[in-house]
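A.B. asks: The following comprises the amino acid sequence and a computationally predicted model.
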Amino acid sequence: MPKNSKGIEVAEILPDQCIGCQICVAECPVGAIELNEEGVAEIDPELCVGCGKCADVCPVGAVSFQKAKAKGKVGAKRKEKEKEKAEEAVSGYEGMAVFIELDGDKGGDVAWELVGKARELAEVRQTKVIGFLLGSDCREIAREAVAWGCDEVHLLEHPGLSQYFSASYGEALTQLVDRVRPEVLLMGATHQGRDLAGIVATRLNTGLTADCTELSIDEDSGLLLMTRPTFGGNIMATIYCENYRPQMSTVRPRVMQAGDRDPEREGAIREQEWEFTLQGLPRVVESVSEVSAEEVDISQYPVLVVAGKGACDEQSLPLLQELADLLGGAVACSRPVAESGILPYERQVGQTGKTVAPKLYIGVGVSGAIQHRVAIQGSEKIVAVNTDPEAAILQIADVGIIGDYARVIPEMIKQMRERMRS
Amino acid sequence: MHIVCLLKQVPDTAEVRIDPETNTLIRAGVESILNPYDMVAVEQAVRLREQHGGMVSAVTMGPPQAEAILRDALALGADQVYLLSDRAFAGADTLATSYTLFKAVQKLDGQQAVDLVLCGKQAIDGDTAQTGPGVATRMGCSQLTYCQEVDWVDPKARTIQIKRKLRDGFERLRAGLPALLTAELELATPRRCSLPSLIRSLQAEIPVWDADSMGADRELLGLKGSPTWVQAIFSPQPKEPGPQFQAGEDSSRAVSEALEALFRDEDFAEKLLKH
């Protein structure tokens, strides 16, 4: 342990482990820590009083200090006084709630996936699953929500909610959540869900964690642990929300699995009243759904043949299409291919494109940047065809073929066809 | 018109990695940049000022070195910039961040009434897309996320019309001012900075606002004002790679062996091949 001129044993930051989150900067009682030019925390040894607080709060164990390093134990940071205050703030909240996002005149798939997850969490917490449904004329969907696993559905039907607006839905959902008081609120990380979640969390003054890929309940504290990719998917972070309710999280479509639909399932449908008083909502001048006959939603296909930079030419497409057609799939692409204009952006898989989870993913000339790998990790099987044996996609492929796609794909089509015949 | 841009300095995420052997962050060569979506927002703001006159202000919350992206904003054409920097801001989650930025917008509104706030749809390091809606909610103004085009702004009638992306298409909305817009990349292509503006940006003094100068409630700032806490950070579990097959001149053998490996799982073969 290094000592400063006062003889105090000081803490030290391990620069290669620091992620620059600044939590220690905020926690240091004497202001001895600052971020340096490289975005790494640095401790001024002359100011350090050796209290070890920075070592306690560092989520990645990047502080070297003699006191045992606490690795962010849930609930450990709370002081007694704050504890009482916090317990008051979180009491009276119960149940796992899901915002049922609509997809046209039915419930969106992501809503049922979240209900499936909420059921799991509710079993652990021994509580109920709550659905929040907003719209006009959607009683049928409320019954669907029960069939998918909701114990009670709070239904707010109003002509003013026939179309999604940030302001009207934000107001309505905030009111509903405030009345029902669930401990957890899950929403799809869709365009609508992300637009809405930030409003509701801000209005209710609670924590919101975006794009979670994993949700579980902490055994000791009963808190929701929310794990999400960060830094473009290179790092995973587990987040919790201790002193505020509800604990809110958005989850991307096709990450969780819907449970079994049971039309006989019983549940309560509670109609909620709402005074529609909002003035000055935006006016929709034009609304265009771009999904036409020739456009495909790649997330809906059981097989995807994905063109990467290594197969980014006009000649490759008929070949890949033939393979996709044979297997009942679709052709998708990686970012460089979409950027080249050979395939439209809606076919793009990746962080800025779509998350997919087909039964079979065949990457052709896809190098497998981290953003792409994160978006395909839900695939049942991954096949990679690449000339480069070092391509990153091979790290997660179930089967790799090293070779030129122009030779490999025709052969694959031929052999697949033979297998399908036999 | 007074247009405010909310900016964030981010690490170039394509470069951030964890060393699988030591499980530590590899930082070497990772640059800090202006969030690309925010850069688009600045460009759009400057274009609107060129059409309608007025002023573009830009702010960012961050440590002292975040002033670099304010210089970028000046080079792109922003008129004035402020660095929101205070030890009390450290460790903020999106709730505390949106409060801090809201206080800055309020202060700017005191200088000259704010008509529009522009920011990127999300930052490339956190990807949350929560800060824009958070600020809009606190302002109580029109919230227009995922903007792809600004059709027009009518400062007299206090209205704006934009095209915004939907899951399966787009919509054009007409909304009242003030409004907060979050930018998709296609909203505007940032211009090349001219040499004079670049020199001006490098010479500029960057004023700093701390918590007190914005009249912020310290309970709502930084770590204190943040409901969410990080429990742990780790590297995604790498999957065990499967077998690889070399396809040379004659690829039939490699393909045959590869398909054999793929379809070893009979349930999978059944599902896939009999549709």
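C.D. replies: Cool, got the structure.
A.B. asks: give the contact list for the spatially most central residue of chain A.
C.D. replies: In chain A, the centroid-proximal residue (CA atoms, centre = their mean) is A:Asp211; its distance is 2.1 Å. Neighbouring residues of A:Asp211 by CB atoms under 8 Å, 6 or more residues apart in numbering or on different chains: A:189, A:228-229, A:250-252, B:127-128. No exception for glycine: its C-beta is placed from N, CA and C like everyone else's.
A.B. asks: where's it, which helix or strand?
C.D. replies: Per DSSP states H and E: A:Asp211 is located in strand A:208-212.
A.B. asks: Give the next helix or strand downstream of that strand.
C.D. replies: strand A:214-217.
A.B. asks: picking that back up, specify which member of the contacts of A:Asp211 is nearest to B:Glu270.
C.D. replies: A:Arg252 (29.3 Å; CB to CB).
A.B. asks: Okay, now the unreliable bits of the chain?
C.D. replies: Using chain A. Within chain A, the segments meeting pLDDT under 70 span A:1, A:67-81, A:232-234, A:290-295.
A.B. asks: meant chain B actually
C.D. replies: B:13-29, B:236-239, B:274-275.
A.B. asks: domains for it, by residue range?
C.D. replies: In terms of domains, chain B is parsed into B:2-220, B:239-275 (source: automatic domain parsing).
A.B. asks: Of the contacts of A:Asp211, which is the most crowded?
C.D. replies: Neighbour tally across the contacts of A:Asp211 (other CB atoms under 10 Å in any protein chain shown): the maximum, 29 neighbours, falls on A:Thr250.
A.B. asks: The helix or strand hosting that residue near chain B anywhere?
C.D. replies: Using DSSP H and E, the element containing A:Thr250 is strand A:247-251. No. Residues of strand A:247-251 are not located near chain B by CB under 8 Å from any CB of the partner chain, the shortest gap being 8.6 Å.
A.B. asks: Summarise which helices and strands that strand is packed against.
C.D. replies: Contacts defined by 3 or more CB pairs under 8 Å, 6 or more residues apart in numbering or on different chains; DSSP states H and E place strand A:247-251 against helix A:109-125, strand A:184-188, helix A:191-204, strand A:208-212, strand A:224-230, strand A:235-241.
A.B. asks: after that strand, next one along is what?
C.D. replies: The first helix or strand that comes after strand A:247-251 along the chain, using DSSP H and E, is strand A:268-271.
A.B. asks: State the paired neighbours of that following strand in the sheet, together with their directions.
C.D. replies: Partners of strand A:268-271 in the sheet, by DSSP bridges, are strand A:152-157 (parallel).
A.B. asks: Next, count neighbours for the closest residue to chain A within the stretch 51-200 of chain B.
C.D. replies: Ranked by CB to the nearest CB, the top residue of the stretch 51-200 of chain B for proximity to chain A is B:Pro133, at 3.0 Å. Using other CB under 10 Å, the number of residues around B:Pro133 comes to 27.
A.B. asks: and the strand or helix carrying it, how far from the chain's centre?
C.D. replies: Assigning secondary structure by DSSP H and E places B:Pro133 in helix B:131-139. Computed by CA atoms, centre = their mean, to the nearest Å, the chain-centroid distance of helix B:131-139 equals 14 Å.
A.B. asks: Next, find the distance separating the closest residue to A:Phe276 other than its chain neighbours from A:Gly135.
C.D. replies: Spatially, and ignoring its direct neighbours in sequence, A:Phe276 is nearest to A:Gly160 (4.1 Å; CB to CB, 6 or more residues apart in numbering or on different chains). Distance from A:Gly160 to A:Gly135, counting by CB to CB, to the nearest Å: 10 Å.
A.B. asks: what do you get for B:Ala96?
C.D. replies: Using CB to CB, B:Ala96 is found at 33 Å from A:Gly135.
A.B. asks: For those two, indicate the residue with more neighbours.
C.D. replies: Legend: neighbour count by other CB under 10 Å for B:Ala96 and A:Gly135, higher for B:Ala96 (26 against 23).
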